[in-house]
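Q: Sequence first, then the predicted structure, then my questions.
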Amino acid sequence: ALLILLLISLYRMADVVMGVMANIFYLEKGYSIGEIATYSKFFGVFATILGGLFGGFFAMKFGTMITLFIGALIASLSNVLFAWLATADTNIKYLISVITADNISSGFAGAAFVIYLSGLTSIRFTATQYALFSSLMLFLPKLIAGYSGSWVDVMGYQTYFITTALIGVPVLFLIIYISKVAPIK
């Protein structure tokens, strides 16, 4: 049970910690507020929905744990794209590509996680258990994300984004271990 609670509290860590700095990064990189709003907030929603649909399809086709693993992997890898964007020229096509990849991976990971949490809840107490799991899911990532600005000041954006990607690696090993000990289909 403790390993499952640890997985719940760490699963979205890489995504949440990186995401706090995304809009500030876009502005400091030289993109306009209009570009950020259009591609991140408008088109990004559709990319997230698409990722969620892919996540749901993968869960049906390959099972919850494999989908959970793929979601954690691509969510961390999308942070590496931000590290690349930090060193690349300011180009709207690069921004669109990175935002799209990040939102698709976030939607995929989010769908996988909802499916996993749904499998853990009891039918009698679904709302209460799901609310507790969701709160646990964001507590530690939001707490750590509060220091993101300081991290960027010390290490710069590229190293920060790579660090956030590496934060997701222990989750991958945890999913592998849990899938062997307490598998969910």
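A: Alright, I've got the coordinates.
Q: looking at the chain, which helix or strand does the model trust least?
A: helix 126-145 (a mean of 72; mean pLDDT, DSSP states H and E).
Q: Centre of the chain to that one, how far?
A: Helix 126-145 has its C-alpha centroid displaced from the chain centroid by 14 Å (C-alpha atoms, centre = their mean, to the nearest Å).
Q: Return the alpha-carbon coordinates of it using CSV.
A: Taking Å, rounded to 0.1, in the frame of the first residue of the first chain, the C-alpha atoms of helix 126-145 are listed here in CSV:
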residue,chain,number,x,y,z
THR,A,126,-15.2,6.0,-5.1
ALA,A,127,-15.7,9.8,-4.6
THR,A,128,-13.9,10.0,-1.3
GLN,A,129,-11.0,7.7,-2.3
TYR,A,130,-10.6,9.4,-5.6
ALA,A,131,-10.6,12.9,-4.0
LEU,A,132,-7.9,11.8,-1.5
PHE,A,133,-5.8,10.2,-4.2
SER,A,134,-6.1,13.3,-6.4
SER,A,135,-5.0,15.5,-3.5
LEU,A,136,-2.1,13.2,-2.7
MET,A,137,-1.1,13.3,-6.4
LEU,A,138,-0.6,17.1,-6.4
PHE,A,139,0.6,17.8,-2.9
LEU,A,140,4.3,16.9,-3.2
PRO,A,141,4.7,18.1,-6.8
LYS,A,142,3.1,21.5,-6.0
LEU,A,143,5.2,21.8,-2.9
ILE,A,144,8.4,21.2,-4.9
ALA,A,145,7.2,23.3,-7.8
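Q: what helices or strands is it leaning on?
A: Helix 126-145 is packed against helix 2-10, helix 13-29, helix 92-120, with contacts defined by 3 or more C-beta pairs under 8 Å, 6 or more residues apart in numbering; DSSP states H and E. C-beta here means a position set from N, CA and C on the backbone, and glycine is covered the same way.
Q: Contacts for the first one next, please.
A: Put plainly, it is helix 2-10. 117, 120, 133, 136-137, 139-141, 170-171, 174-175, 177-178, 181-182 (C-beta atoms under 8 Å, 6 or more residues apart in numbering).
Q: Can you point out the buried residues in the least confident helix or strand of the chain?
A: Buried positions in helix 126-145, judged by neighbour count with 16 or more other C-beta atoms under 10 Å: 129, 133, 137, 140-141, 144-145.
Q: And the next helix or strand past that helix?
A: helix 148-167 (DSSP states H and E).
Q: Mind listing what's buried along the helix or strand following that next one?
A: Later in the chain than helix 148-167, the nearest helix or strand by DSSP H and E is helix 169-181. Of the residues in helix 169-181, 171, 174-175, 178-179 count as buried by neighbour count, 16+ other C-beta under 10 Å.
Q: Check which helices and strands helix 169-181 sits against.
A: Packing contacts for helix 169-181, counted by 3+ C-beta pairs under 8 Å, 6+ apart, involve helix 2-10, helix 64-87.
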